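In: okay, predicted coordinates and the sequence, questions at the end:
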Amino acid sequence: VTWNKGSAIFRMGAEYRLMQSNSFALGGQNPTLSFNSTYTNGPLDNAAASPIGQGLASFLLGIPTGGSVSMTDSYADQSYNYAFYVQSDWRVSRRLTVNAGVRYDYDSSITERHNRSVGAFDFAVASPIAAQALANYAKNPIPQVAAAQFTVNGGVTFAGFGGQPRELWATPHLNFAPRIGLAYELTSKTVIRTGYGMFFVPQGVDRNAVNQAGFTSATTLTPSNDNGLHFIATLANPFPNGFNQPLGAAGGLMTGLGQAVSAFPTAMKSSYAQRWSFGIQRQLPKRIFLDVSYVGTRAVRLPVARQYDGVPGSYYSTLAVRDAQTINLLTAAVTNPFYPLLPGTGLSGTTVQRQQLLRPYPQFTGLTINDPVGYSWYHSMQLLAEKRMSHGFTAQFNWTWSKYMEATAFRNDSDPLPEKAISDLDHTTCCT
């Protein structure tokens, strides 16, 4: 809708979008098998491997050192967005024009048609295997964690089950984005322009997807339950216990045990970018137009994958050189308190590496949740030169000098904030 009122023009409008995504991925039709030096190096089980040959030796012996096979499910998810905006162009004087407005955006959470998705992670609930695992650990505790301090808590929840909402996360409702621009005619041939705007990043099915842990399953190849004294999986029969069948939400808190899992945050903060610019436009002799501008952008609340189940940083070495003693301590084999509770997973053997029992949630091998702590920033000088020629021809030259930085990944699992780095999208100069 457009409305003229004196020297001002008002525009307003609304938008509604329903976004749906349907997928059915068959996944790998054959299992993957790997052969490395786990059972062919020495003299210690955590000794450094030779540069070449030991993986081939494992293959020739018919002893795989790892592998998996996956079973996948389909999904049909959707989200919606509605927005409205109000904008005005006001010619304040003969020289000054002001453009101002505001836009409101609401992005709904994702829902899956049959609730085939993991929701949030419950950090406090006791795991179904906690009682037996704690009893097993009390028999053979490691020095770093006393039996009374060892916990087996946490598990994934499912959308639409057990009192959980169908929405995968709670969404914000106050996404107002103001914009303003000014144009001032300094002389008959010179114009100064500046502006500022805020823009929210979509977070529906066009940017995210469901998490089908439990509705898809992975069976991990476990070569040996006793660190290589006896082998239960061979090249001839790599999965002697069959494949893990997906249980869906019926698996409850047993879902993903012995594996790395991911979940959605309870509430999703909207990422947004602020953009500002200042430029001078000049009409030069011989029908040459020149535009020199500064353009800057800063984006905040960018989602960054945070590892919530990493080994605490206090156990790692701070030496500037390779610390073999610490490495050997963390990777040494110790009694597995989860044996035989998690068959067909990475924690099915009689022993595990010591560092596994130092994790906050030792029944998992990893826990990833997006954390809105990422940010990026961009600064640039942009030059445009245009030569208007006869017969409708135009020659144009564009040059940009810029720097694009971002902090969207953690260097270490225990770091409080992501690492600042030059963006992969950074191009210092660009000419067209």
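Out: Now that the structure is in, tell me what you want to look at. Residues are numbered from 1 along each chain as shown.

In: so for residue 11, what's the nearest residue that isn't a sequence neighbour?
Out: Nearest non-adjacent residue to residue 11, counting by Cβ to Cβ, 6 or more residues apart in numbering: residue 87, 4.7 Å away. To be clear about C-beta, it is placed using only N, CA and C from the backbone, and glycine gets the same treatment.

In: so which helix or strand takes in the one you found?
Out: strand 74-91 (DSSP states H and E).

In: circling back to that earlier point, from residue 372, how far out is the residue nearest to residue 11?
Out: 28 Å (Cβ to Cβ, to the nearest Å).

In: what residues of the strand holding residue 87 count as buried?
Out: Neighbour-count burial for strand 74-91 flags 75, 77-81, 83, 85, 87, 89 (criterion: 16 or more other Cβ atoms under 10 Å).

In: what packs against that strand?
Out: strand 8-24, strand 96-107, strand 111-112 (3 or more Cβ pairs under 8 Å, 6 or more residues apart in numbering; DSSP states H and E).

In: rerun that using 6 Å as the cut-off
Out: On a contact count with 3 or more Cβ pairs under 6 Å, 6 or more residues apart in numbering; DSSP states H and E, strand 74-91 meets strand 8-24, strand 96-107.

In: burial measure for residue 213, as a count.
Out: 21 (other Cβ atoms under 10 Å).

In: correction: residue 224
Out: 19.

In: who's in contact with it?
Out: Neighbouring residues of residue 224 by Cβ atoms under 6 Å, 6 or more residues apart in numbering: residue 231.

In: any idea which strand is longest in the protein?
Out: Under DSSP state E, the strand in the chain containing the largest number of residues is strand 366-388.

In: now do it, average pLDDT.
Out: Mean pLDDT, strand 366-388: 96.

In: sheet partners, orientation included, of it?
Out: Strand pairing for strand 366-388, using DSSP bridges, gives strand 260-263 (parallel), strand 288-307 (antiparallel), strand 394-407 (antiparallel).

In: now the element after the shortest one, going C-ward?
Out: Note on strand 260-263: by DSSP H and E, the next helix or strand toward the C-terminus is strand 272-284.

In: pLDDT averaged over that following strand - what is it?
Out: Strand 272-284 carries an average pLDDT of 97.

In: how distant is stretch 310-323 from the center of its chain?
Out: 25 Å (Cα atoms, centre = their mean, to the nearest Å).

In: go on, stretch 80-95?
Out: 35 Å.

In: and the residue most central in space within the chain, how far from residue 262?
Out: The chain has residue 305 as the residue nearest its centroid, 4.1 Å off, counting by Cα atoms, centre = their mean. Noted for residue 305: a distance of 8 Å to residue 262, by Cβ to Cβ.

In: now do the shared contacts for those two.
Out: In contact with both residue 305 and residue 262: residue 368, using Cβ under 6 Å, 6+ apart.

In: could you pull out the strands in the stretch 151-300 of the chain for me?
Out: Assigned by DSSP state E, counting those that start in this stretch, the stretch 151-300 of the chain shows strands spanning 153-158, 176-187, 190-200, 217-220, 260-263, 272-284, 288-307.

In: same for the helix or strand of the chain with the lowest mean pLDDT, what does it pack against?
Out: Least confident element among the helices and strands of the chain, by mean pLDDT, DSSP states H and E: strand 217-220 (a mean of 82). Counting contacts by 3+ Cβ pairs under 6 Å, 6+ apart, strand 217-220 packs against strand 66-71.

In: okay, the angle between the strand holding residue 87 and strand 96-107?
Out: Interaxial angle, strand 74-91 versus strand 96-107 (axes from the mean of the first three to the mean of the last three Cα atoms, to 10 degrees): 160 degrees.

In: so how far is strand 74-91 off the chain centroid?
Out: With Cα atoms, centre = their mean as the basis, strand 74-91 stands 24 Å off its chain's centre.

In: use 168 as the first number from now on
Out: Let's use 168 as the start, then, which means that last one is strand 241-258.

In: give me the sheet partners of it and which way each runs.
Out: Within its sheet, strand 241-258 is paired with strand 175-191 (antiparallel), strand 263-274 (antiparallel), strand 278-279 (antiparallel), according to DSSP bridges.

In: and the pLDDT at residue 220?
Out: So, for residue 220, pLDDT stands at 88.

In: any idea how far residue 425 is from it?
Out: With distances taken as Cβ to Cβ, residue 220 is found 31 Å from residue 425.

In: the two: which is more packed in?
Out: residue 425 (22 against 11).

In: just to check, the more buried one is in contact with residue 509?
Out: Yes - with contact defined as Cβ atoms under 6 Å, residue 425 counts as touching residue 509 (3.8 Å).

In: which positions in the biggest helix by length in the chain come out as buried?
Out: Assignment by DSSP state H gives helix 297-306 as the longest helix of the chain. Going by neighbour count (16+ other Cβ under 10 Å), the buried part of helix 297-306 is 297, 300-301, 303-304.

In: dump these to CSV, plus distance to residue 355 and pLDDT.
Out: Putting the buried residues of helix 297-306 into CSV (distance: Cβ to Cβ, whole Å; pLDDT from 0 to 100) gives the following:
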residue, distance to residue 355, pLDDT
297, 79, 97
300, 81, 97
301, 83, 97
303, 86, 97
304, 83, 98
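
In: I'd like those residues laid out as a markdown table, including distance to residue 453.
Out: Listed next are the buried residues of helix 297-306 as a markdown table, based on distance: Cβ to Cβ, whole Å:
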| residue | distance to residue 453 |
| --- | --- |
| 297 | 81 |
| 300 | 82 |
| 301 | 84 |
| 303 | 86 |
| 304 | 83 |
